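Colleague: Here is a sequence together with a model predicted from it:
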Amino acid sequence: MNPLTCTRRSLFQTSAVFAGAAMVKGEVVGKTSEAGKGLLAYVGTFSSPLRDVLPTQVDLPPGNGRGIHIFKVDRTTGSMTKAGLYELGTSPSCLALNAAGSRLYSANETDRVGKDKEGTVHAFAVDRTNGSLKLLATVPSGGAGPTYVAVHPSGKFVLVANYFGGSMAVLPILEDGRLGEATDIKVDEGKVGPTRAANAPPGTFAISGHDRTHAHMIQADPSGRFVLHVDLGLDKIFVWRFDAKKGTLLPSDPPSVSLPPGDGPRHFHFHPNGRWLFSVQEEASTVVRFDYDPDAGRLTAKQTLSTLPPGFAGSNFCSDILV
């Protein structure tokens, strides 16, 4: 990959890793098996070079990937060597493994496939002997440009955030690991924030994402009773009560918390204690620490810090946060 051609929403957007009978799922650190067992990494990419060989035309973000790239990871040095490739021309930018490491789901970040103005989500079976992938199913994502997928803690649903569609979808996981049609789709509504972040550093040109609603991430809380998602364009984190029987989302009380205008919340992550949540703002380059009430699904902002060194001036974009 030529780093100069990579967009701010990087080619290496999300990877998923498994080792032996355990794994690291998406961006959530899990257990690892004892040293000596193999470790594989799956890397999702923007795969626009393959657009011309697709049976249906798609709109893709620019990128030099060729689908889902598989690497062997050296446990001692962290270095990676190529181990395989699932060629895919629909920009599978974000990946998520189920708890067993036997199924992998990809958000295919296209604005449309054929005449349908939405992206898709793939379900794959993972060969535990060599890590190869077998496509099980493809379903609509419920909006354009699916940028994030996460497996619900129950293991029965995949949650999808559609960046260009400004929507979220709940996809049921069937008994064989395939995905069914969406049980719920929610579309973000509200006043879009200003193009320049309230907390931007001096001299910044980091302007993006405030042209419309942009659902950027979705994740259940550790209990699975609530689902949270961020909309970068609305500068909000939304909280939903989740009906695990129906696979539906209901607004919590309150239904959202607001970040400063234009700051652009992008990703968040829970602390292992389940009572702190950290949100990173793409355009303001800040981290906000929230107290989280797991009984009520309520967020309360407690601290804001810059991710930049003192005296920084210029442009910067934040992408991801991980405890």
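Modeller: Happy to help now that I have it. Numbering: from 1, shown residues only.
Colleague: residues in contact with the helix or strand where K186 lies?
Modeller: Assigning secondary structure by DSSP states H and E places K186 in strand 184-187. Among residues not part of strand 184-187, those counted as contacts by Cβ atoms under 8 Å, 6 or more residues apart in numbering are 142-143, 165-170, 213, 240, 246-249. C-beta coordinates here come from the backbone N, C-alpha and C atoms, glycine included.
Colleague: P255: which of those residues is nearest?
Modeller: W240 (7.8 Å; Cβ to Cβ).
Colleague: Name the nearest residue to that closest one, sequence neighbours excluded.
Modeller: Of all residues not flanking W240 in the chain, L249 sits nearest, at 4.0 Å (Cβ to Cβ, 6 or more residues apart in numbering).
Colleague: what bridges to the one you found?
Modeller: Assessed by DSSP bridges, L249 has beta-bridge partners F242.
Colleague: and it, what does it touch?
Modeller: Neighbours of L249 in contact, by Cβ under 8 Å, 6+ apart: M168, V170, D184, K186, V227, W240, R241, F242, D243.
Colleague: Who are the contact partners of D231?
Modeller: Applying Cβ under 8 Å, 6+ apart, the residues contacting D231 are G166, D188, G190, T213, H214, A215, H216, F238, P265.
Colleague: Mind doing that once more with 10 Å?
Modeller: 161, 163, 166-168, 188-190, 192-193, 209, 212-217, 237-238, 256, 264-265 (Cβ atoms under 10 Å, 6 or more residues apart in numbering).
Colleague: Do I have it right that I237 meets G297?
Modeller: No: I237 is beyond contact range of G297, at 11.1 Å (criterion: Cβ atoms under 10 Å).
Colleague: for F226, which residues make a bridge with it?
Modeller: R241.
Colleague: Kindly apply the preceding question to P146 instead.
Modeller: Under the criterion used (DSSP bridges), P146 bridges to N162.
Colleague: what number of residues lie near it?
Modeller: 33 (other Cβ atoms under 10 Å).
Colleague: measure it to F242 for me?
Modeller: According to Cβ to Cβ, to the nearest Å, P146 and F242 sit 19 Å apart.
Colleague: just T307 next, same as before
Modeller: Relative to F242, and taking Cβ to Cβ, T307 is found at 30 Å.
Colleague: just G165 next, same as before
Modeller: Taken as Cβ to Cβ, the span from G165 to F242 is 20 Å.
Colleague: what do you get for A200?
Modeller: 34 Å.
Colleague: Doesn't L277 belong to a helix?
Modeller: No: counting by DSSP: H, G, I helix; E, B strand; the rest coil, L277 is located in no helix; its state is strand.
Colleague: So for the closest residue to it other than its chain neighbours, what's the pLDDT?
Modeller: Of all residues not flanking L277 in the chain, F290 sits nearest, at 4.4 Å (Cβ to Cβ, 6+ apart). Looking at F290, its pLDDT reads 98.
Colleague: who does whichever strand or helix holds F290 pair up with?
Modeller: Using DSSP H and E, F290 falls within strand 286-293. Here strand 286-293 has these sheet partners by DSSP bridges: strand 276-281 (antiparallel), strand 298-306 (antiparallel).
Colleague: In a markdown table: those strands, plus mean neighbour count and distance to P222.
Modeller: Written out in a markdown table, the entries for those read as follows (neighbours: other Cβ atoms under 10 Å; distance: least, Cβ to Cβ, whole Å):
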| stretch | mean neighbour count | distance to P222 |
| --- | --- | --- |
| strand 276-281 | 23 | 10 |
| strand 298-306 | 14 | 14 |
